[in-house]
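> Pasting the sequence and the predicted model now:
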Amino acid sequence: MRKSLPQALDAGISPETIISDGLAKGMDKVSQEFDAGDLYLPQVLAASKVMDEAMLLLSDHINTDSERYRGVVVMGTVSGDIHEIGKNVCIAMLRGARYRVVDLGPDVSPEEFIKAVKENSADAVGGSALMTTTLDMQRKMVHEKEENDCNVLMLFGGAPCTEEWVKSIHGDGYSSSGRDMVLLLDKKLDAEGHK
Ligand code: B12
């Protein structure tokens, strides 16, 4: 049965489930139909506006008042890329899982990522890239981290990003969804003996 957002919340469905099993799936369908030429840009824009508003509404219901965060994550979309729906889905999942997230927004340079990592003593940084033309910025992020001798986990994702790509640029991990990103981060931080 279809439910409106308030109805779904009233029915006790968690914001994380509403995002991963409802909104993100809907947006995936929009992506597929756009790629197939069955939807046009104005319709994609309308869908992304709905997504933004829904995320705003749900963020009030995601439990982030924990005193003890599991870790700090800096998130952003790489330089030259303004897509941020997928990044925002990941952020909602991370916050729901008790991570403190510093959201740098879209179009973030490798230097800005590393500056934020240092300023926030972050445990991990996540770089999202949605275009083949901006994917290489993830490699530049790894380069910037090495240049700065910075000890931070680097996770990557976005439609053109793959496990093989992340291995080839010596990143620390790849996930295809927000939910998987949380599981991956939990595993990596546990392995490092974190909090
Ligand atoms: C929505 C959309 C837009 C919206 C973006 C709105 C916004 N505020 O984000 C608008 C209309 C503004 C837009 C603009 C453009 N777009 Co656009 N857009 C899309 C579309 C249809 C959907 C993307 C999306 O939101 N998907 C839904 C989310 C939930 O999925 P996701 O992003 O993949 O994220 C999930 C995972 O990938 C993962 N993930 C994502 N990030 C991260 C990060 C980490 C660290 C981890 C671990 C995981 C992770 O978890 C997420 C949640 O589960 C895609 C089509 C597609 N197939 O992807 C094209 C697409 C990405 N766009 C494309 C293009 C070309 C553009 C434009 C250049 C168009 C133009 N000519 O102006 C501009 C971009 C300008 C720029 N400089 O960036 C191309 C890119 C082609 C390429 N070169 O690879 C695509 C593939 C469409 C196409 N087939 O041509 N776009």
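Looks like it arrived, so ask away.

> buried sites along stretch 125-138?
Neighbour-count burial for stretch 125-138, counted by 16 or more other C-beta atoms under 10 Å, picks out 125-131, 134-135, 137-138. (C-beta placed from N, C-alpha, C; glycine too.)

> what does the longest strand along the chain contact?
Of all the elements of type strand in the chain, the one with the most residues (DSSP state E) is strand 71-77. Residues lying outside strand 71-77 but in contact with it, judged by C-beta atoms under 8 Å, 6 or more residues apart in numbering, are 83-84, 87, 90-91, 94, 99-108, 112-113, 116-117, 120-130, 158, 185, 189, 194-195.

> Pairing partners for it, with directions?
In the sheet, strand 71-77 lines up against strand 99-103 (parallel), strand 124-128 (parallel) (DSSP bridges).

> So is the helix of greatest length in the chain next to the ligand?
The residue-count maximum for a helix in the chain (DSSP state H) belongs to helix 41-59. Yes: with C-beta under 6 Å from any ligand atom as the criterion, the ligand is reached by helix 41-59 at 41, 44-45, 48.

> Stretch 132-145 too?
Yes: legend: contact between stretch 132-145 and the ligand by C-beta under 6 Å from any ligand atom is shown at 132-133.

> what residues does that stretch touch?
The contact list for stretch 132-145, computed with C-beta under 8 Å, 6+ apart, reads 78-81, 110-111, 113-114, 117, 125, 127, 129, 152, 154, 156, 158, 160-161, 165-166, 169-171.

> where's Asp136 relative to the ligand, distance?
12 Å (C-beta to the nearest ligand atom, to the nearest Å).

> Now, the contacts of stretch 132-145 that are in strands?
125, 127, 154, 156.

> which of the residues you listed are close to the ligand?
127, 156.

> Take the ones in strands among the contacts of stretch 132-145 and lay them out in a markdown table including pLDDT and distance to Ala8.
Shown next, in a markdown table, are these (pLDDT from 0 to 100; distance: C-beta to C-beta, whole Å):
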| residue | pLDDT | distance to Ala8 |
| --- | --- | --- |
| Val125 | 98 | 32 |
| Gly127 | 98 | 31 |
| Met154 | 97 | 34 |
| Phe156 | 98 | 31 |
